[in-house]
Every structure is written in structure tokens, then in C-alpha cells.
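Chemist: A structural model of the following input is requested.
(chains A and B)
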Amino acid sequence: MVSSRVIRNLKKEFRQSGLAKLGLALVVLILLTAVFAPFIAPHNPTDQQLDQSELPPIGFSETSERTSSQMVDGEIQTVTEEVEVTADPDHVFGTDGLGRDMFSRVVYGARTSLVVGVLGTVLAASIGVPVGLLAGYHRGRVDDALMRIADVSLAFPSLVLAVALIGLWGRAAVNVPDPFVVAGLAPEMPESFVLPITVVIVVGLVNWVWFARVARGEALSLRGQEYVKASRALGADDNTIILRHVLPNAITPIIVLGTVQVAAIILLESSLSFLGFSGTTLSWGFDIAQGRDYVSSGQWWIASIPGLAIMLSVIGINLLGDWLRDALDPGIEGEGGAA
Amino acid sequence: MSDAERTVAGESAASDGVPVDDAAPSGTPAVDDVLSVRDLSTRFFTEEGQINAVESVSFDLREDEILGVVGESGSGKSVTALSLVDLVETPGRITAGEVWYRDADLAEEFRGDDAVRVDGDHVDLRTVPPSVRRSLRGPSFSVIFQDPMSSFNPSITVGEQIAEAVEVQRRARANPRSTRSRTQGYGLGKLLLDGIVPGRDYTSEESMERAVELLGQVGIPDPEERVDEYPGQFSGGMLQRAMIAQALAGEPDVLIADEPTTALDVTIQAQILNLLKEIQADRGMSIVLITHDLGVIAEMCDRVCVMYAGEIVERGTLDSVFEDTVHPYTQGLLGSIPDVDDPRARLEPIAGNVPSLVDAEMDDRCYFADRCPKAMEACLDKPPEATVDAAADHGAKCVLADREYDPADALPDDYFGEAGEAADPDDGAATDGGEGE
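Modeler: Purely as a prediction, here's the structure:
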């Protein structure tokens, strides 16, 4: 429940914590980037300009020695030549092996990451929270059955499970028209955003367990509350009690978990894309996989820039989660509690 | 005393100064009984073993009366109350007994249903489907709990919570006897939104108005303003009033008050008790008042049940129990009350502790024998059952129900070994003197 006390705690915690400010700034930055990607990206992220491939980011122009094997007079020889690679101000973060603008790709990658992260979390929560609440509230056999299923899913490495599920279902993706482009505001940009629907479903199915466990724990402690007993004594049925008295009082840890889960799912999505199991090619993980081969030959930015983007977004979201936890759960830090 | 004599003892109770009303034999509820409980047993199945929290309890609740249930902590009072409304939590379970509730409509509905026991206007609630039992909470039974502070959800306003009780009944009436009536016609989705979206109200305008009205009726000043306050902004006494308002929302026939004043200070206690009395007089409902405070019983009740170790050991009208006390336990409870007129008089606490209710550890003898100052050899067998007939005006589950105590029969002081040590008054004071406060 969002009460004035909660808002006061949030503000107080925010003022005191530099990390909270950093986290919020990062998350807002990523959010804006994702939403307004067509205006922020200078190039179409899928346009290939082969004559401009492998350009370094600005500030990293250099002359390097390039060794290659060539046929000279009928013999294979190793030739070393000096190549000058100059950064193009048009491509701030350089270009990849096919001459696609890295900056535009990172900007669009934010969309995929965030959409999958948020939708995956929503799906995981909408499976896990009801399961956990029902299990914790009713206890007994329902609880045993549901929690054993949860334990089994926890015992599986999530990446392996995700890969197995995608292998089973294939890589379906949905083209969602980009409203900005459709409206003609950014004509050069891709007309639609590719939503890797299987990935969303899979990450949701892999991560519901966390929500189930948290929700169950809360329900277990709340069901023993006198006011739950009182409500039952006054004739309320189980559904009413769960939704009126259990869920609202359990929502805080669920929200905190949800934030952290967005970050975890972004990582999982990147891993899946890296392994080639995503349904979209506009993804940070996909770009890392593309750039991996270039790292040894000196084009570090193709893999590192999307890697940096993943890192910053995950750190940002986790810091945000910490801030919410500290502000919403006064039990953890004594001073935060307005007992 | 021989075994043969003891068997006769119970049957002859009526002629021996403790009258027993034979007109209503146990098993069939009398017409003016709102509630007739017969041989109700509730057990808890824990890892330590089976705990007999309520052991074959029988009593009647008449129309417009306040029935007191008194006993030490752990005597099974609260579990009895929860058993009446079928709110015993696992690992507890009602294992036996009948709860006859008078409701002509309900009786009509289930007459001819083989699974449901019906007797005249009375229905045995132990046999009706769970959904029907639940639908009776509110309009038939309401419960007031001991601790008002924790009986309200701290994150919802008091008014909302009273209105919720009103709303539940309103929806139930709109959709009577439907298993899912309380969520039907409202929608799980809407309920979900109300739960998590701030500023959305679960309750309707009418229910809120009724909540204001109810708060006014239980004596809360400025009810229009106080409905919007949170439980934390109420004092304990105010919250107890609010809880009574909540319990009245369904206009119940039977109000079960489980230690309604224990968590309150003495002046507030008196106010709450007066309020309960007024409400009982105004609305003509029956109240089961559970308390460990004999003073409260004396002030409030028409009839009393004294509970010990899960059993009713003595029952009767207030006067008969207080004046013609039969059971040494009741005498002990009465002896634990300080006498204002004689401040120098020593309190006489009951020695020892409430016995373990774990089935395996319980003996066949009278459960009170090892603490009883009048224990005799006859107490080492099962105490007479017949003398605690539910319909009787006065009865006690004690061999003394039908004979005078003769000190010559007493068992030697150290008969019960360790219990004999506890007979030292200084030890006993900690256990029972406290209860009588």
C-alpha cells in the first residue's frame, strides 16, 4: 500500500543515499533511451555500411599493424602493414563488423532488454505471487505440492532450463510496430520492434519460483495475524481475505523482489541472446556474441560497449531495488522504521 | 466408598441439593436455546502428540442471556469459542460433538437432507456444508477477540474495515447461500485492484455510512471523522469499541466475546462491559463471554460454565455457582479473588499448574485431583459425568456433587509426589493468584 509514510520513507532514504540517486539516474536514463530510441539513435541500427565497418569509438583512433597472409609471387607470405583506423564522429561508439552503428544498436538494445525484463518479471510475478499466496495461506497439501514443484524448478540451473524450453518451443518473435516511426516522426528507423515472445515466456517460467517463495513466506506470517482471524470470524471468504488483508501487506517485499528480478531477467535474456536463442538480433547479448570474435583482433568495442550497457543497467536497477528495500522495509535498517 | 455407591452418585445428584432439570435430556436442544453444544471435543494433533484442548463440552445458550465461560489460561475456553464458529486452525480439529443452532429457515432448508441433522428449528452445524457454516459467520455468529490492537489490519482505515464487514454481509444477502457469494458479483479482478491500488475502495458508500452509524452506536465520538483514521490512531479502548461495531455489522444472534477486556486497563474494561450489556439489552442477542476474571462474570452473566483442562467442571446460574459452589476448583478460583473488605486476608491460590493436555500424559482420574485440596480415593477413577448435564440448572463434575466433604477421606498430602511440593502456597501464587486479578 502506498501511504504517505511510505512516500516519506522513500524521500528520506533517497536524500541520504548517494547510491539510490545513482540507481535512479541510471534507470531513468535507460528507460528514456528505450522509449525514445528512434529519436536518440543517429542511424538505423540494422543498416549495414560495409565500407565503414570496424570503426573505433571516438577517442580511440589509432594506427595499428595488421598482419595478414597474402599470395605474393605464388607463395604465401605473412605481410605486415600499417593501417590507420580513424574514428568517425558520425559513429560515436564506432561500428561493428558489418558497419552498423554501435551507438544506435546499444540504444535499441535497451528496448529489448527492458521490455523482456519488465514483461518477464510481470509474468513471473503473476504466476509466482498467486501460487505463493495460496500455498502459504492454505498450507497443508496444497502448500506441499506447490512448494515441491518450486524446489524442483529451483534445483534446475535457470539458463539450462531456459535453453531447454526454447529448444522445445522454438524462437517465436512478434513484430510490434514502432508508433514513432509509424507516425512518420523518425522515418529512417526500423518500422517495428521485434519482441522475442518465447524469451519473455521462458524467463517468466524460469523465475516465478522466487516470487512464489517470497509470497508464500509473507502469507504464512500474515495468515496468523489476528486481523485475518477477525476477518474470517466476520464472514469474509478466503479470496477476500487474501486480496484484502494478505496481498496488500505482502506487496512491499514483492515489489522489491520484482525490481531485482528485472535485472536478473535482463542478464538471463542477454545470456540467451549471446547463445543465439533469442528471437531478435537487436539485443545486447547478441551484439556481444557478434563482437566476441573481434576482441582478439583488436576491435574490443563491438563486444565491450553492449557489455557495459548490460552492466550499467543491472547495477542501476539493483541500486534502485536496494533503495526501495531500505525505504519500504523498516525492519532491515533500524533507523528507517517509524515504529 | 465403594464403586457401586459412586455409580449411583451421579444419578442421585438432583435429590441432593444440586437440582438437575430432567425435562431436557442432553442430546436434544430445548426450544429456547439459541445454541446447544453437545459433547464437543477439539483436539490438536501436534508433533508432541494429541492435545485434548476441548474435552466433551456441553452447554446451552439461551435467548437473550449472557453465558460466562471462566477458567485459567490453557483451560480450553478460547478453543471452545473458536470451535463454535469452526475457526479452529490446523493442526487443531473438532473431532466429535454436535453444535445445534436455532434457525428456522436453515432447518427448513436442510430438512430431509440425510447428511444434515435437523431437530425442530435446530440444525447441527457440524453436519452442514462448510460454505453454509461460513455464511453464518456475521449474520449468526460474530466474535470479538482479546487484543483489539492486532485485530485490525494496520494498513486499512478503521472505517474501511468495519465497512468491509458490512459489505460482506450485504453481498451475501444479495446472493444468499452461494458458495462463492462474497466474491461473486464483485469480481476477483476488482478485488485485486482494490487490494493493491491506493485510493480505491473495496467498500461502497452505503457500507461506509453504516460503518459511521455503527461507530456512533458503540460510543465513539465524532464517528464521521474517526472512520478515516487508521487503527494506530485509536486507543485500545476505542479499538475494542470499533471491534464491537465490526462484530455488530452482521447483526448476529450470538456474539462470542473472547476475553474482550483482558488487554484493556480497568476503567476502560468497565466501559466496554457496560457497552456489551447495553448492546445485549438493545438488540436481544445472546453473548458467550469468555474470561478468566470472575469479577467480570459476576457483573455480567446470567449463567456460568467453569472450565478446567478442556472440560466444563461446574455449570449453573450465577448465584448457584457462586453461592453453592460444589467443585473445589471453582472454590479455588473464588478464593483467589482479593477481598476488599478484609485487606489482611491472605489469598488462597490453587496449588500447582494446569495439567498437560497431551493425550498420552493424561490419567483416567479427575484432572484436578493432584491440585485438589479435597482429593480423596474416589477421585482416582473417572469423575461422574451425569452431574454435568448441559441442561441442568447446576451441576459439577466432581464426586462432591452429591455428598459432603469428609476430611477423613482425604488422601495423604504427599500422595501425588511432585504435585505435593507445588502445594506450597508460595509456588501456587504465581500460577493462579495472577489469573484471578
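Chemist: residues touching the worst-scoring helix or strand of chain A on mean pLDDT, excluding its own?
Modeler: Using mean pLDDT, DSSP states H and E, the weakest-scoring helix or strand in chain A turns out to be strand A:62-72, at a mean of 76. Contacts with strand A:62-72, where a contact means C-beta atoms under 8 Å, 6 or more residues apart in numbering or on different chains, come from A:56, A:76, A:77, A:78, A:79, A:80, A:81, A:82, A:83, A:84, A:85, A:298. From N, CA and C alone the C-beta is placed, and that goes for glycine too.
Chemist: can you name the residues that contact residue A:174?
Modeler: A:194, A:195, A:197.
Chemist: how about a cut-off of 10 Å?
Modeler: A:192, A:193, A:194, A:195, A:196, A:197, A:198, A:200, A:279 (C-beta atoms under 10 Å, 6 or more residues apart in numbering or on different chains).
Chemist: lowest-confidence member of those, which is it?
Modeler: On pLDDT alone, residue A:279 ranks lowest of the contacts of residue A:174, at 79.
Chemist: sorry, back to before: redo the contacts of strand A:62-72 as TSV? Include neighbour count.
Modeler: Shown next, in TSV, are the contacts of strand A:62-72 (neighbours: other C-beta atoms under 10 Å in any protein chain shown):
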residue	neighbour count
A:56	23
A:76	9
A:77	10
A:78	9
A:79	12
A:80	8
A:81	10
A:82	8
A:83	10
A:84	8
A:85	17
A:298	14
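Chemist: which one of the residues you listed sits closest to residue B:293?
Modeler: Residue B:293 has its nearest neighbour among the contacts of strand A:62-72 in residue A:56, at 85.5 Å by C-beta to C-beta.
Chemist: gap between the two ends of stretch A:272-288?
Modeler: 11 Å (C-alpha to C-alpha, to the nearest Å).
Chemist: what's across from the residue nearest to residue B:103 when sequence neighbours are not counted in the sheet?
Modeler: The shortest distance from residue B:103 to any non-neighbouring residue, by C-beta to C-beta, 6 or more residues apart in numbering or on different chains, is to residue B:123 (6.2 Å). In this entry, residue B:123 is beta-bridged to residue B:101, residue B:118, by DSSP bridges.
Chemist: dump the residue contacts of residue B:123.
Modeler: B:29, B:99-111, B:113, B:116-117, B:132, B:136.
Chemist: among those residues, which lie within helices?
Modeler: B:104, B:105, B:106, B:107, B:108, B:109, B:110, B:132, B:136 (DSSP state H).
Chemist: how about the residues of the stretch 151-300 of chain A near chain B?
Modeler: A:222-249, A:251, A:254-255 (C-beta under 10 Å from any C-beta of the partner chain).
Chemist: and the closest residue to chain A within the stretch 251-400 of chain B, which of the three is it?
Modeler: Nearest residue of the stretch 251-400 of chain B to chain A (C-beta to the nearest C-beta) works out as residue B:256 at 8.2 Å. Here residue B:256 is strand, with the state taken from DSSP: H, G, I helix; E, B strand; the rest coil.
Chemist: distance check, it against residue A:107.
Modeler: 65 Å (C-beta to C-beta, to the nearest Å).
Chemist: neighbour count winner among the two?
Modeler: residue B:256 (29 against 24; other C-beta atoms under 10 Å in any protein chain shown).
Chemist: re the thing from before, helix or strand next in line after the least confident helix or strand of chain A, which one?
Modeler: The element immediately downstream of strand A:62-72 (helix or strand, assigned by DSSP states H and E) is strand A:75-85.
Chemist: check residue B:426 and give its pLDDT.
Modeler: pLDDT, residue B:426: 43.
Chemist: and if you look at the one 5 residues further on?
Modeler: pLDDT, the model's per-residue confidence, is 39 for residue B:431.
Chemist: now swap in the one 3 residues further on and tell me
Modeler: Note for residue B:434: predicted pLDDT of 37.
Chemist: can you list the strands that the least confident helix or strand of chain A pairs with?
Modeler: strand A:75-85 (antiparallel).
Chemist: who's in contact with the partner strand?
Modeler: Contacts of strand A:75-85 (C-beta under 10 Å, 6+ apart): A:54-56, A:60-72, A:94, A:298-299.
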